[in-house]
Every structure is written in C-alpha cells, then in structure tokens.
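Colleague: Sharing a model that was predicted from the sequence below.
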Amino acid sequence: DKIDAASIAVPTPLHYEVARDLIDAGIHVLVEKPLTDSIETGYDLVELADAKGTVLQVGHIERFSSAYRTLAETISDPLYIESYRIAPWKKRGVEVDVVLDLMIHDIDMIIGLANSRVAQVDAVGTPVLGKTSDLANARITFESGCVANVTASRVSYKTERRMRVFARNQYLNCNLGEGRIFGYRLRGDPMVEGLRAIATETLEIEKQDSLANEIDAFLDCILNGSKPLVDGRAGCEAVRVASLIN
C-alpha cells in the first residue's frame, strides 16, 4: 500500500497545536518527543486520536535503538537504574529545559524497563547558560521498589549516553551512544566459589538505524492497526514524570 507522508519541523511549544489540527483532519501523526509541553494538552491529543481513530505515536527514538531493545530483552525486574546523558550546549531545543530536551529520553526508557507506576520523584535542577534548567538530577522511585537515578546536562564538553541496570543476580552497563553492553551475571554461590561464581558477559548488538526502526513501526501501525510501542499515553506518562521533576 502507498502512504503519503510529510515531515514538519515544529518546536515543542507548538507540538499540541500542529498535532491537534492534523489529527482533527484524520491524519496519522508521529510527534517528536516530548509529546507536548504539558500533561493537559498531551491527554487532549490522546483523546482526540482515540475519537478520530488515528495513530498517535511519540518519537522516543531510544526505544527503537538496538542497544535499548537488547537491554530490555535481557533484563527484567530491575532493582536500581542509573542513567547519565550529557551533551555540549546547542542553540536547538533551549525553548524547553533540559528535562524535556534530554532527560525525557531516559525517563521514557526507564519507565519501560521498570514496568511499574512512579511512586515518588525527588529532583534538583539549575540554569547555567540559558534561562531554563541546563542541568538536572532526579531520583525516581517506582511502586515495585525499583529506584532510578537520572542525570542530564547540556553544558558538557562531550556527548555521553549511558545506562546501568542492576537486577537480581545481574548487572548490565549500556553505552547507548556506542551501542555496547557489558556486565556481570551470577552463575554460582560467591560465598563458596568467590569470583568464579561471577561471569563477565558482553552482549553482541546488531547495528541498526533507530530512526528507520521508528518510522517502520509507525507505518506498520497505520497499515496493520497495531498499537505503537510508544503511544500517546506512554508519551503523556513521560511528560507527567518530567513535570514532577521540573
């Protein structure tokens, strides 16, 4: 089947207005993260898409990376997650703070890994070069007992994206930027066998185009009626948690 498509560059504060008009016209929409800059407008889009029967997918591209997919398939019931996302200052994206600009990637991924409702958020943030927060750290506690410590900065001299995940008998360190995962897995009793009970593992990750994966998933939802991996409700939850940090 042939699908007519178009891409429009829209700053975050205008996501709601543009997406609303497209959905109201019956057009399927893939919205770049964050879905909108407020919870209320995000849920408005979800309700409108439900009423119009259109696909509403949110562009949390990290969910479509081969590194994240491997991480999600390998580990379950995480106990503690630590993410670190830093980047040099750029003029693009500064209309919103670093939480909606950068940290929201990790918020969405962590929510996906934890698979539990957020119970509490404690956070700090500060502006450095801009008018909104350029550096932020949040501690997110889930109802399952999982705890995540999340750091984002856009005033670094380098770009780095890392996530460390600890689960029962397993630890994984994921370099999202380079697409590498290594860690440890318990295979015996360390009190009896010592270090021999702990196996080092390096996971092979197939190189993939995350953007192509995301677009393919969007088209599949349109053609086959499947539910988006990151639908409007998931996008709203990421914005909701981000609002608790701000």
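Modeller: Thanks, I have the structure now.

Colleague: any idea which helix or strand carries the spatially most distant residue from the centre of the chain?
Modeller: Computed with C-alpha atoms, centre = their mean, the residue of the chain farthest from its C-alpha average is V192, at 39.9 Å. Using DSSP states H and E, V192 sits in helix 190-193.

Colleague: Check V124 too.
Modeller: Going by DSSP H and E, V124 is in strand 118-126.

Colleague: Across the sheet, point out what pairs with the closest residue to I215 other than its chain neighbours.
Modeller: Leaving aside its sequence neighbours, I215 sits nearest to L30 (C-beta to C-beta, 6 or more residues apart in numbering; 7.4 Å). Just so you know, the C-beta spots here come from the backbone N, C-alpha and C atoms, and that holds for glycine as well. Note on L30: beta-bridge partners by DSSP bridges are Q57.

Colleague: hang on, the earlier thing: what is the strand holding V124 packed up against?
Modeller: Packing partners of strand 118-126 (3 or more C-beta pairs under 8 Å, 6 or more residues apart in numbering; DSSP states H and E): strand 135-142, helix 232-245.

Colleague: Within its sheet, name the partner strands of the first one and how each one runs.
Modeller: The sheet places strand 135-142 alongside strand 118-126 (antiparallel), strand 147-153 (antiparallel), with pairing taken from DSSP bridges.

Colleague: what's the most buried one of the ones you listed?
Modeller: The highest average neighbour count among the strands paired with strand 135-142, using mean count of other C-beta atoms under 10 Å, belongs to strand 147-153 at a mean of 22.

Colleague: So which bits of the helix or strand bottoming out on mean pLDDT in the chain are buried?
Modeller: When each helix and strand of the chain is scored by mean pLDDT, DSSP states H and E, helix 190-193 comes last, with a mean of 85. When burial is assessed from 16 or more other C-beta atoms under 10 Å, helix 190-193 yields no buried residues.

Colleague: Can you read off the backbone torsions of R168?
Modeller: Taking degrees, to the nearest 10, you get phi -60, psi 120 for the backbone angles of R168.

Colleague: ok, it - how many residues close by?
Modeller: Neighbours of R168 under the rule other C-beta atoms under 10 Å: 10.

Colleague: show me what contacts it?
Modeller: D77, L79 (C-beta atoms under 8 Å, 6 or more residues apart in numbering).

Colleague: Average pLDDT for stretch 82-97, rounded please.
Modeller: What stretch 82-97 shows for mean pLDDT is 84.

Colleague: any idea of the mean pLDDT in stretch 52-69?
Modeller: Per-residue scores along stretch 52-69 average to 94.

Colleague: Oops, could you answer that again for stretch 111-118 instead?
Modeller: For stretch 111-118, mean pLDDT is 93.

Colleague: what about it, start to end distance?
Modeller: Terminal residues of stretch 111-118 lie 8 Å apart, using C-alpha to C-alpha, to the nearest Å.

Colleague: Let me see the residues that make contact with it.
Modeller: With C-beta under 8 Å, 6+ apart as the test, stretch 111-118 has contacts from 63, 71-72, 75, 78, 81, 140-144, 146, 148, 165, 234, 237-238, 241, 244.

Colleague: Repeat the analysis, applying 10 Å as the threshold.
Modeller: 60, 62-63, 68, 71-72, 75-79, 81, 83, 107, 110, 140-148, 163, 165, 167, 229-230, 234, 237-238, 240-241, 244 (C-beta atoms under 10 Å, 6 or more residues apart in numbering).
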